[in-house]
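> Kindly generate the corresponding structure for this input.
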Amino acid sequence: MKFLCTSTVLATLLSSSTCVAFTSPKSPLQSSTQGRLATKLSSTLVEDVDTIAPRSTQQLTEEQQLQSYISQSNTEAPLDQKSYLDDGFVFGLNGSGLERPKGKVASVVVEGDALETTPQQIGIVSATFAGHALFAANAIHTLFSQTDGNIGVTALTSIATIVASWIAADFGSGVLHWSVDNYGNGRTPIMGNIIAAFQGHHSAPWTITYRGFSNNVWKLCIPFGVPTVAAITYLAGPANPMVSLFFAVFCATEILSQEFHKWSHMTKKEVPGWVNTMQDLGISIGRVPHAQHHIAPYDGRYCIVSGFCNDTVDQSGFFRWMEHRVYEMNGVEANSWKLDPELRARTLRGEYQLPE
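Reported below is the predicted structural model:
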């Protein structure tokens, strides 16, 4: 219950009247009044996906997906455009001013961001994972002492804690992804850069594949870094080492989720064989499951660690329920509603489950 309340508060804070979606800030765009009538966009999908299961019985081939993308890329941008900082801007709406680049090219949309890995990024990432590993090892050692050296109990308890943390991280990645996709903009305090990056990702999802490991994940080392685990470990006390282990794994996994996300946008030939094995086993998010998220109005498949929670969360209508609660509290609509009026109408009627 506390987690649900926290999630609702997060969405509410992100959905202030100045919270809108994101587009490239590289060129000045005129601000104008935009209606809420939305148009659905075709899917921007990764390569090497043999089958996709959109919400229709007809499946798309790679050639059809590419042709659909090209047709979108060749469409002239509307004259009536909005900036990613303007109220009412939503990626995908008419007049958004967001132009998809032609071909599989990188498009950095966050001002000041770059694709080059820096020594500072490597240092931050290395120190963060080293710290998490030390907290995890100390927690297991403490548990071993508490069980009087019982290796079996220590091993089983530790494995169960790690698995539970992995699943929780998958769900947590979904809550974060849903909130920043649907609420906020580049001006949102604290979360602005993350919101801009996630929403801008829909314009050129392959950009992430050009990033090195440290360049890709270092920003998540701030909220999920060593200070976070240290504070939780201190509050839990030495009598509860599994709390420290749980959150050390949880925070490390949330950081890694961005790399898992990157792999889901790469072809099988572009990643090592063990990455394909991880995806096949469901340890990390696969190409087809994540490609389904990139179908407008981007209203499901938010979990990007392993995707284990996606079916349960989408079928239960959890995020639609959350959107309804946010709307009742402050009248702010989710971006997915603005892209799909029918989705909005269903949600307001209390029909939260996504159609199959």
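> From now on I want contacts and neighbour counts done on CA atoms only, so please keep to that.
OK.
> show me where pLDDT drops low in the stretch 51-200 of the chain?
Across the stretch 51-200 of the chain, the ranges flagged by pLDDT under 70 are 51-105, 107, 109-111.
> all strands of it, in order?
For the stretch 51-200 of the chain, applying DSSP state E, counting those that start in this stretch gives no strands.
> Could you pull up phi and psi at residue 185?
The phi/psi pair for residue 185 (degrees, to the nearest 10) reads phi -160, psi -170.
> ok, it to residue 294 distance?
Distance, residue 185 to residue 294, by C-alpha to C-alpha, to the nearest Å: 19 Å.
> okay, the two: which has more neighbours?
Using other C-alpha atoms under 10 Å as the criterion, residue 185 and residue 294 rank with residue 185 on top: 33 against 23.
> how close does the more buried one sit to residue 250?
26 Å.
> Isn't residue 257 up against residue 304?
Yes - using C-alpha atoms under 8 Å, residue 257 is in contact with residue 304, at 6.1 Å.
> What is the neighbour count of the closest residue to residue 256 other than its chain neighbours?
Using C-alpha to C-alpha, 6 or more residues apart in numbering and skipping the chain neighbours, the partner closest in space to residue 256 is residue 217 (6.9 Å). For residue 217, the neighbour count with other C-alpha under 10 Å is 21.
> Number of residues surrounding the closest residue to residue 137 other than its chain neighbours?
In space, and not counting its chain neighbours, residue 137 is closest to residue 245: 8.0 Å by C-alpha to C-alpha, 6+ apart. The number of residues packed near residue 245 is 25, by other C-alpha under 10 Å.
> burial count for residue 176?
18.
> how much space is there between it and residue 280?
Noted for residue 176: a distance of 24 Å to residue 280, by C-alpha to C-alpha.
> got it, and residue 139?
Applying C-alpha to C-alpha to residue 139 and residue 280 gives a distance of 31 Å.
> So the two - more neighbours on which side?
residue 139 (24 against 13).
> and that one, what does it touch?
Listed by C-alpha atoms under 8 Å, 6 or more residues apart in numbering, the contact set of residue 139 reads 241-242, 244-245.
> let's see it at 6 Å
The contact partners of residue 139, taken as C-alpha atoms under 6 Å, 6 or more residues apart in numbering, are 241, 245.
> what about it, distance to residue 290?
Distance of residue 139 to residue 290, computed by C-alpha to C-alpha: 34 Å.
> ok, now residue 113?
From residue 113 over to residue 290 the distance is 24 Å, taken as C-alpha to C-alpha.
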